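mind folding the following:
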Amino acid sequence: MALVGCGWAGRRHAEAFIAEGARLLWAVDIDSDRASEVAKLQPGAKAAPDTEAPLSDAAVTMVDVCLPHHVHAAVGLAAIRAGKDVLCEKPLAPTLAGADQMMTAADGAGTLLMVAENECFTALNLEIGAMLVGGAIGQPALVQATRECYLRESFLTDRPWFLREQASGGGIVLSGGIHDFAKLRMMLGEVVFVNSLRAPQRFHELETEDTVTMLLGFENGAVGTLVESFFMIDPTTAGGTEVHRLRIDGEYGSIEVTSPETVRVTTAEGAREVTVPARDTFRAEVREFLDCVATRREPITSARAQRRNLELVEAVYASMASGLPARL
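Numbers count the residues shown, from 1 in each chain. I've put the predicted structure just below:
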């Protein structure tokens, strides 16, 4: 396989592919030092500054795209047209138009196109989904979710491309909100209503939104709030750790995430804590991709399945711009 983009996510993807038994043949990055460092993970792997040689290599059957958002579609399309199966970091593209172009090309070429959406492989999320299906709290009615981050120093130092709207395509909604839409849809079904407000900008080096609050309506009648922020400072986030909160209230009780590995289920009969050991989501999504390549089945996080998340992101931006709710 060829890895295109050897930054933080790219290196972890490379490690996951190697751990799952795939062979890394090319590490591609415009930063030659980064490409060389990732290539060292696999004896015999080569570093390259662009995709010309890797996409021409008949031994390469899979391409993993871990680049700034604005070049996902161009690189993904080139790989598809070269007949390669593609795993692409989320978002598939910054716009639905770009994502649809990639999907059309993959359908025509008969190649796989999968989105690397790790929320769909997180053990805790899967456990909560199973609890809801099993009726642990009855019909869900209210959802409250937040993604709390303080990433100013990280972006300024490690990911300066994200500061520019032309490269990122969007701010916290496209970066974090798209994750949470994937998670909430997996647990609760389709979101059909969004109303959003952008908070006053505090991360002034960032050209896009740093904090947004959303009101959500689900097809099953549940309602919810979703808060996404790059600029929420507390002792945990100041150290670089994100805090993801989730509570779901239903007709019989509630489910609440109390730590990255624990969830509390409360009903009239009392409360119980359930421990769900974390797993490496990079390896889990890579394992899914490799199995789909071998069996030619549709991935859990296929481009088709994940398109709705990008549609919701665009709806949020439309609502922010107009001051009006959006229905899907």
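
which pLDDT value goes with the closest residue in space to Arg164 that isn't next to it in sequence?
Nearest in space to Arg164, with sequence neighbours left out and distances taken as Cβ to Cβ, 6 or more residues apart in numbering, is Glu207 at 5.9 Å. All C-beta spots, glycine's among them, are computed from the backbone N, C-alpha and C. Note for Glu207: predicted pLDDT of 97.

next one: Met114
Confidence for Met114, expressed as pLDDT, is 98.

equivalent analysis for Val60, please.
The pLDDT attached to Val60 in the predicted structure is 98.

ok, it touching Ala53?
No. The pair formed by Val60 and Ala53 falls short of the contact definition of Cβ atoms under 8 Å, at 9.4 Å.

okay, these two: which has more neighbours?
Val60 (20 against 14; other Cβ atoms under 10 Å).

what touches both of Val60 and Ala53?
Trp26 (Cβ atoms under 8 Å, 6 or more residues apart in numbering).

before we move on, the earlier item: contacting residues for the residue nearest to Arg164?
For Glu207, the set of contacting residues under the criterion of Cβ under 8 Å, 6+ apart consists of 163-165, 168.

do you know how far it is from Pro160?
Counting by Cβ to Cβ, to the nearest Å, the gap from Glu207 to Pro160 is 12 Å.

and the nearest residue to Arg297 once chain neighbours are set aside, what helix or strand is that in?
Distances taken as Cβ to Cβ, 6+ apart put Asp291 closest to Arg297, at 7.7 Å, once the chain neighbours are dropped. Applying DSSP states H and E as the criterion places Asp291 in helix 281-295.

which helices and strands does that helix pack with?
Under the contact criterion of 3 or more Cβ pairs under 8 Å, 6 or more residues apart in numbering; DSSP states H and E, helix 281-295 touches helix 8-19, strand 85-89, strand 113-116.

same for the helix or strand following the last one, what does it pack against?
Put plainly, it is strand 113-116. Where DSSP H and E defines the elements, the next helix or strand beyond strand 113-116 is helix 123-133. Judged by 3+ Cβ pairs under 8 Å, 6+ apart, the packing partners of helix 123-133 are helix 178-188, strand 243-250, strand 253-259, strand 262-267.

now helix 123-133: buried residues?
When neighbours are counted by 16 or more other Cβ atoms under 10 Å, the buried residues of helix 123-133 are found to be 124-126, 128, 131-132.

what ranges does the stretch 51-200 of the chain have for its helices?
Taking DSSP state H, counting those that start in this stretch to define them, one finds helices in the stretch 51-200 of the chain at 52-56, 72-81, 96-109, 123-133, 152-157, 165-168, 172, 178-188.

so what's the residue count around the closest residue to Ala238 other than its chain neighbours?
Nearest residue to Ala238, sequence neighbours excluded (Cβ to Cβ, 6+ apart): Tyr150, at 5.6 Å. Tyr150 is flanked by 21 other residues according to other Cβ under 10 Å.

do the same with Ala321
What Ala321 shows, counting by other Cβ under 10 Å, is a neighbour count of 10.

surely Ser246 and Val257 touch.
Actually, residue 246 is Leu rather than Ser. Yes. With contact defined as Cβ under 8 Å, Leu246 counts as touching Val257 (4.5 Å).

shared neighbours of those two, anything?
Counting by Cβ under 8 Å, 6+ apart, the contacts common to Leu246 and Val257 are Ile128.

neighbour count: the two, which is higher?
A count of neighbours by other Cβ under 10 Å puts Leu246 above the other of Leu246 and Val257, at 23 against 19.

contacts only, for the more buried one.
128, 143-145, 183, 256-257.
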